[in-house]
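Novice: Need coordinates for the below:
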Amino acid sequence: MALLSGKKILVTGLLSNRSIAYGIAKAAHREGAQLAFTYQNERFKDRVADMAGEFASKLAVPCDVANDAEIDSLFQKIRSEWGTLDGLVHAIAFAPRESIAGDFLEGSTREAFRIAHDVSSYSFAALAKGASPLLSKNASLLTLTYLGAIRVVPNYNTMGLAKASLEAAVRYLAASLGPRGIRVNGISAGPIKTLAAAGIGGFGKILKFVETHAPLRRNVTTEDVGNAAAFLLSDLAAAVTGEILYVDAGFSHVMAGSLAATSSPDSAD
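Specialist: Okay, here's the model as predicted:
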């Protein structure tokens, strides 16, 4: 039997077929899950609906995670369509462009800090809270983080702070939901050239550096992350919660400090 056969999983953050969310949806669909998706606003409606169709899903629901009313509306729709929910994938992050390029202090503002933490971290807790009444026993919640949460990565800046907050949220949500048998984990993926990553200055240099220094001597793919996500969403991971799983070809264990060598005033690609 497929790992996720019969499970109903909500996937957020799908923007293109290069998105990590797409890799997760692809693996979950392969393993038998029923999928639902969200899109931020009308601009993305048709795009996400078309991609949802690739996974035999007609359930694409609007949800701006910075809007509590839209989160409530999302789960009302999920309740009416499915009744219960077995999995939630949080693949949403955003920080103003000026706060993820150049010097950390120069780009740091109160507003950028607020936006980054609201959209990239608080939204996971907000979605978990909205989903809570629908979550089945042994449901699994999953988010995406990055090495910049625990190491200084050039240009990652304010997003690194938001991801550190997100990783703490994983642990607190795991403690809160654990008595109900619900698991909460994160995947810290290696750098992948997604639409979101394109906004980070010098990202191309980081990709090249990781490829030559990671123990496996390669960058990871959305398929790699998708396969790991399928495991964490499945009952095979029934005793795993509050964890951050590194899917980064081993890079987080070696040479992380040397990433600073990729930073320069003209590092944008």
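
Novice: Assumed residue 136 was part of a helix.
Specialist: No: assessed with DSSP: H, G, I helix; E, B strand; the rest coil, residue 136 is strand; it does not lie in a helix.

Novice: Can you tell me how far it is from residue 227?
Specialist: Plainly put, residue 136 is 23 Å away from residue 227 if you go by C-beta to C-beta, to the nearest Å. The way it works is simple: take the backbone N, C-alpha and C, and place the C-beta from them, glycine included.

Novice: Same check on residue 189?
Specialist: In this structure, residue 189 and residue 227 are separated by 12 Å, where distance is defined by C-beta to C-beta.

Novice: between the two, which one's more packed in?
Specialist: For residue 189 versus residue 227, neighbours defined as other C-beta atoms under 10 Å are more numerous around residue 189 (24 against 18).

Novice: what sits against that one?
Specialist: The contact partners of residue 189, taken as C-beta atoms under 8 Å, 6 or more residues apart in numbering, are 20, 144-146, 220, 224-225, 247-248.

Novice: Let me know the closest of these to residue 173.
Specialist: Of all these, residue 145 has the smallest distance to residue 173: 13.2 Å, by C-beta to C-beta.

Novice: quick one: the strands in the chain?
Specialist: In chain order, the chain shows strands spanning 8-11, 34-39, 60-62, 85-90, 135-145, 183-189, 244-247, with DSSP state E as the criterion.

Novice: What strands line up against the second one, and which way round?
Specialist: Using DSSP bridges, strand 34-39 pairs in its sheet with strand 8-11 (parallel), strand 60-62 (parallel).

Novice: and those strands, which is most packed in?
Specialist: strand 8-11 (a mean of 26; mean count of other C-beta atoms under 10 Å).

Novice: Quick one: mean pLDDT for that one?
Specialist: The pLDDT scores in strand 8-11 average 99.

Novice: Return the distance of it from the chain's centre.
Specialist: Between the centre of strand 8-11 and the centre of its chain there are 13 Å (C-alpha atoms, centre = their mean, to the nearest Å).

Novice: what about the helices in the stretch 51-200 of the chain?
Specialist: If you assign secondary structure with DSSP state H, counting those that start in this stretch, the helices in the stretch 51-200 of the chain sit at 68-81, 104-107, 110-117, 123-131, 157-177.

Novice: Need the ones you listed in CSV (columns: distance to residue 214).
Specialist: Converted to CSV, the helices of the stretch 51-200 of the chain look like this (distance: least, C-beta to C-beta, whole Å):
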stretch, distance to residue 214
helix 68-81, 37
helix 104-107, 25
helix 110-117, 27
helix 123-131, 27
helix 157-177, 19
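
Novice: lowest-confidence stretch among those?
Specialist: Per-stretch mean pLDDT for those is lowest at helix 104-107 (a mean of 95).

Novice: Next, the buried residues of the worst-scoring helix or strand of the chain on mean pLDDT.
Specialist: None of the helices or strands of the chain scores lower by mean pLDDT, DSSP states H and E than helix 203-213, at a mean of 88. With burial defined by 16 or more other C-beta atoms under 10 Å, the residues of helix 203-213 counted as buried are 203-207, 209-211, 213.
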